[in-house]
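Asks: the amino acid sequence is not available; the structure is as follows:
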């Protein structure tokens, strides 16, 4: 179902987190649950994936993750600040040790000069207070390719934050 590189990376995360007794949560907007889907493609993922939040609307981000309405008003859904609050909210509303969050513009519409199609903000948070953010500008490479690129980056961030502990 997934490309080999995504399956390999997801498998590495499941193996690493299982060995360390760690749990993960996802908070997804533009990927619509695909990061959790990639992780659950791997046998044994039930020992690692605590839950996934698909928060496509601003209302869902507020209700499910505790993203501040003021953050959305001031910075928009596709912003560093929102991605960070999503990741921290996923930690706060789960039993996960680490969470990854993504929010972006997958297109083909919805972009602007300031926030073009292909802009994605990703954040990873740890229950220990660790925090990472990455802004990606994949370009207008098509909706599916933007979403797949986002999954790859999100899995890399999960690996990176877990190793930083």
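Replies: Cool, the structure landed. The structure displayed is predicted, hence computed values, not measured ones.

Asks: could you say which helix or strand holds the residue nearest the centre of the chain?
Replies: Geometric centre of the chain, nearest residue: residue 101, 2.8 Å, by C-alpha atoms, centre = their mean. Assigning secondary structure by DSSP states H and E places residue 101 in strand 98-104.

Asks: what packs against that strand?
Replies: Contacts defined by 3 or more C-beta pairs under 8 Å, 6 or more residues apart in numbering; DSSP states H and E place strand 98-104 against strand 24-28, helix 80-92, strand 119-126, helix 143-163. Glycine gets a C-beta too; all of them are placed from N, C-alpha and C.

Asks: which stretches of the protein have low pLDDT?
Replies: 165 (pLDDT under 70).

Asks: Three-state assignment for the residue lying farthest from the centre of it, please.
Replies: Relative to the C-alpha centroid of the chain, counting by C-alpha atoms, centre = their mean, residue 113 is the outermost residue, at 23.9 Å. Here residue 113 is coil, with the state taken from DSSP: H, G, I helix; E, B strand; the rest coil.

Asks: you'd agree the residue nearest to the centre of the chain is up against residue 131?
Replies: No. Residue 101 is beyond contact range of residue 131, at 10.8 Å (criterion: C-beta atoms under 8 Å).

Asks: common neighbours of these two, please.
Replies: 84, 87, 123-125 (C-beta atoms under 8 Å, 6 or more residues apart in numbering).

Asks: count of neighbours near residue 3?
Replies: 12 (other C-beta atoms under 10 Å).

Asks: residue 148 is in contact with that one, correct?
Replies: Yes. With contact taken as C-beta under 8 Å, residue 3 and residue 148 are classed as touching, separated by 7.3 Å.

Asks: what is the burial count for residue 108?
Replies: 11.

Asks: what's near enough to touch it?
Replies: Taking C-beta under 8 Å, 6+ apart as the criterion, residue 108 is in contact with 117, 140, 142-143.

Asks: distance of the nearest residue to residue 109 once chain neighbours are set aside from residue 58?
Replies: For residue 109, ignoring the flanking residues on the chain, the nearest one in space by C-beta to C-beta, 6 or more residues apart in numbering is residue 117 at 7.8 Å. Computed as C-beta to C-beta, to the nearest Å, the residue 117 to residue 58 distance reads 19 Å.
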